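Asks: Provided below are the primary sequence and the corresponding predicted coordinates.
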Amino acid sequence: MKPVRVRFAPSPTGELHLGGVRTALFNWLFAKHHKGKFFLRIEDTDPVRSRKEYEEQICDSLKWFGLQWDGPIVFQSQRLVDYKAAIRKLLETGKAFRCFCSPDKLEKDRKQAPKGGRDYRYPGTCKNLSLEEQKRRLNQGEPFAVRLKIPRGVISFNDQIYGNIRVKNSEIDSFIISRSNGSPTYNLVVVVDDHFMGITHVIRGDDHLTNTPKQILIYKVLGFDIPKFAHLPMILGPDKRRLSKRHGATGIQAFRWQGYLPQALLNYLVFLGWNPDTEQEIFTLDELVRKFHLQQVQKKAAIYDEKKLNWISGQHMVQMPAEALLSRIRELNPEWRKEENEDYLLKIVEIQKKRLKTLSEIMTHSNFFFDDPTSYDLKTARKRWGSEGVNFLIQDFMARLEIMEEWSVGLLESELRKFCEERGISSSKLIHPVRLALSGVPHGPSLFLMMEMLGKVTCLRRLKTALEKLPITVES
RNA sequence: GGCGCGUUCGUCUAGGGGUUAGGACGUCGGCCUCUCAAGCCGGAAACACGGGUUCGAUUCCCGUACGCGCUACCA
């Protein structure tokens, strides 16, 4: 068995999206599983749409995910000589021919053809031009495209995922492999690149399934070894349509800035179309490398589901040590609470990671650990602190807190409960207003934990402020 | 239109000639509880349709419908 060599070959014409990441992931996992190589090839042969910034964004994303590629990046735009050589060879061996038909004319013919040109095929006008005529037109400087001659027969190949695929050659039009401006087209270029890169397994989206027979034709005609193919089903948006800009945060960087962990995203993505033979759902990358194989890949397109992503994200957060989470948060936002004590931050992260789904949520839902509330949730204020009576209760309770010498979760809880018992009220009558006073919002971690972390001075100060501002009496 | 591919709960999926069609997310209900989460327990929820083959088909075959892809001098 030859050592496995695979590639991920995005074109830098847009942001990397979920589908692209999954293709990269499956390639990477396959390579790692077989101790092979994973290459990155930038398909930048479309100078109009290709952009340097997308190229950089793609590389950044892959690195962020930890999907590191082997060797230097291959740029198609720098490999023109090989494509030209291949085209020349096909011309010389008579496997391809020059076509002098102008694009405009072909376009017009197509439009005039029945059924709006859907059935239109290249009529073979230039297929059998004599050598003399070709020379004459060449000498006149007529531009020409190069088309592949399609032999009779049937192309069949065994897709690692879809199984046996057979297509009659007669279904394939004599397609262009070199444009009249001299630039090679996609199907030619992929084949030449994959050959020279020594690619053994072509793993890509199933939108290429029907391109494969054309490419096999080129492999044959060029005398190249044909690699194995594996086509991955598409990922669709919630509307069951192809993933696109319309689906909001489709560009993968957006997920990053929303505070998802890369390994959580990969974990989610790997289950879109694949499953191990276990009921385990949460995996590390290493585990995936060990378990991954192509046999269990689905043929059906999968729909992206944010709910499940969130769940997986939460699971990964719980498993991750607070230190690691904090440094991820720092990558997201270096400014976040940077003046605060590190241990204090770690404690907060430790508490919050169990209850939240993303890094961003940790940042946005933790303000009360640092800042005194500037306002109180109105609904909760009405419900939990509806009358002056609460103020008296809080006042008394504050007096009790003042004299506490040790400020700990356990003591705070027993103190509060004792206090309520003495008064014959349920402890929630006090807990809720205190929570509101301390955080301004109705929910958060355990009240006693919060109190301990905030410390005596802060708690008393916030309670005092609340006494001044609550209850809210303004009608609305 | 032609060709290729696909179709199991809302979603991701397991399964495969005889199963109470399994799990997960979500959802609903309960427990726990200082709130929100988490956790635990329980419920509802699927084999696209029509024909074969067969004692039996969700599973195999053929159609139909629907969806996706390709059908470009895009990649």
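Replies: Received it, and whenever you're ready, just let me know what you need.

Asks: how about the helices in the stretch 101-250 of chain A?
Replies: Using DSSP state H, counting those that start in this stretch, the helices found in the stretch 101-250 of chain A span residues A:103-112, A:131-139, A:186-196, A:212-222.

Asks: Including mean neighbour count, could those helices go into a markdown table?
Replies: From N, CA and C alone the C-beta is placed, and that goes for glycine too. Compiled in a markdown table, those are given as follows (neighbours: other Cβ atoms under 10 Å):
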| stretch | mean neighbour count |
| --- | --- |
| helix A:103-112 | 12 |
| helix A:131-139 | 12 |
| helix A:186-196 | 22 |
| helix A:212-222 | 20 |
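
Asks: from the middle of its chain, how far away would stretch A:322-331 be?
Replies: Averaging C-alpha positions (Cα atoms, centre = their mean, to the nearest Å) puts stretch A:322-331 20 Å from its chain's average.

Asks: Give me the contact list for it.
Replies: A:261, A:317, A:336, A:342, A:345-347, A:349-350, A:353, A:359, A:362-363 (Cβ atoms under 8 Å, 6 or more residues apart in numbering).

Asks: helix/strand/coil for A:Val6?
Replies: strand (DSSP: H, G, I helix; E, B strand; the rest coil).

Asks: Secondary structure element holding the closest residue to it other than its chain neighbours?
Replies: Leaving out its chain neighbours, the residue that sits closest to A:Val6 by Cβ to Cβ, 6 or more residues apart in numbering is A:Asn27, at 4.6 Å. Element membership for A:Asn27 (DSSP states H and E) is helix A:18-33.

Asks: next structured bit after that helix?
Replies: Next helix or strand after helix A:18-33 toward the C-terminus (DSSP H and E): strand A:37-42.

Asks: who touches the worst-scoring helix or strand of chain A on mean pLDDT?
Replies: Least confident element among the helices and strands of chain A, by mean pLDDT, DSSP states H and E: helix A:103-112 (a mean of 82). Outside helix A:103-112, the residues that touch it by Cβ under 8 Å, 6+ apart are A:117, A:120, A:122-123, A:180.

Asks: near RNA strand B, anything from that helix?
Replies: Yes - Helix A:103-112 is in contact with RNA strand B by Cβ under 7 Å from any atom of the strand, via A:103, A:106.

Asks: and that helix, C-alpha only, in PDB?
Replies: The C-alpha trace of helix A:103-112 is given here as PDB (Å, rounded to 0.1, in the frame of the first residue of the first chain):
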ATOM      1  CA  PRO A 103     -17.400  31.700 -27.400                       C
ATOM      2  CA  ASP A 104     -19.900  34.200 -28.600                       C
ATOM      3  CA  LYS A 105     -21.100  32.000 -31.400                       C
ATOM      4  CA  LEU A 106     -21.300  28.900 -29.200                       C
ATOM      5  CA  GLU A 107     -23.300  30.900 -26.700                       C
ATOM      6  CA  LYS A 108     -25.700  32.100 -29.400                       C
ATOM      7  CA  ASP A 109     -26.100  28.600 -30.800                       C
ATOM      8  CA  ARG A 110     -26.800  27.300 -27.300                       C
ATOM      9  CA  LYS A 111     -29.500  29.900 -26.700                       C
ATOM     10  CA  GLN A 112     -31.200  29.200 -30.000                       C
END
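
Asks: how about low-confidence regions in chain A?
Replies: Counting by pLDDT under 70, chain A contains low-confidence ranges at A:114-118, A:244-250, A:473-476.

Asks: now with 50?
Replies: When residues are selected by pLDDT under 50, those of chain A lie in A:476.

Asks: tell me which parts of the stretch 201-350 of chain A are close to RNA strand B?
Replies: With the criterion set to Cβ under 7 Å from any atom of the strand, the stretch 201-350 of chain A comes near RNA strand B through A:206-211, A:233-234, A:240-242, A:271-275, A:277, A:279, A:281, A:296, A:298-303, A:305, A:307-308, A:310-311, A:314.
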